[in-house]
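A.B. asks: Build me a structure from this.
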Amino acid sequence: MKKVTKNLEIEKLKKEVEEYKNKYLRALADYQNFEKRVKEERNQLVRTANSNLIMKLLPFLDSLEKAEVFIKDQGLKIAKDHLFQSLKEIGIEEIDVVNKPFNPKVAEAIDIVQGDKDDVVVEVLRKGYRIEDKILRVAQVKVSKKVTS
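C.D. replies: This next block holds a predicted model:
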């Protein structure tokens, strides 16, 4: 009789151990998912904050580039290049649109001019920028239209 009672007690304890093990594994998985979610939310917050800061810096970069056209000063060039290099280091890229087909996802047509081909970007009036696959600011451009006689 004692042996049967001990076997039942052992089986009961094994079931309890299995239940606790399953609860532990579920809690561990929930915690790991929580950690991943918090990390992703933190990264998203940093990206948003960076994007906002960068959007405030881009007009300053534009002004430096415009000034550089009119003022030939080495210090001005160094300041502009340094700002642009700092932005590149955090992943900011200039969107290259010149001599390419007009794409409204990355550029805004400000003017239409006569040209040899239809819908080709012929001049950039304000540069566009992206970070990774996100467009921070579209370029403002002049687009060609073929002249028909």
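A.B. asks: where along the protein do the helices fall?
C.D. replies: Secondary structure of the chain (DSSP state H): helices located at 2-70, 74-89.
A.B. asks: Compile these into JSON lines and extend it with columns for mean neighbour count and distance to residue 110.
C.D. replies: The way it works is simple: take the backbone N, C-alpha and C, and place the C-beta from them, glycine included. Shown next, in JSON lines, are the helices of the chain (neighbours: other Cβ atoms under 10 Å; distance: least, Cβ to Cβ, whole Å):
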{"stretch": "helix 2-70", "mean neighbour count": "11", "distance to residue 110": "14"}
{"stretch": "helix 74-89", "mean neighbour count": "12", "distance to residue 110": "23"}
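A.B. asks: do you know which of these lies nearest residue 122?
C.D. replies: Set against residue 122 and scored by Cβ to Cβ, the helices of the chain come closest in helix 2-70, at 18.2 Å.
A.B. asks: The closest one vs helix 74-89, what angle?
C.D. replies: Helix 2-70 and helix 74-89 are oriented at 160 degrees to each other (axes from the mean of the first three to the mean of the last three Cα atoms, to 10 degrees).
A.B. asks: For helix 2-70, name the packing helices and strands.
C.D. replies: Where contact means 3 or more Cβ pairs under 8 Å, 6 or more residues apart in numbering; DSSP states H and E, helix 2-70 is packed against helix 74-89, strand 129-131, strand 134-137.
A.B. asks: re earlier: out of the helices of the chain, flag the one nearest residue 112.
C.D. replies: Of all the helices of the chain, helix 2-70 comes closest under Cβ to Cβ, at 22.6 Å.
A.B. asks: quick check, distance from the closest one to the centre of its chain.
C.D. replies: Remark: helix 2-70 is offset 20 Å from the chain centroid, using Cα atoms, centre = their mean, to the nearest Å.
A.B. asks: Tell me the pLDDT of the closest residue to residue 65 other than its chain neighbours.
C.D. replies: Closest residue to residue 65 apart from its sequence neighbours, by Cβ to Cβ, 6 or more residues apart in numbering: residue 80 at 6.2 Å. Residue 80 carries a pLDDT value of 93.
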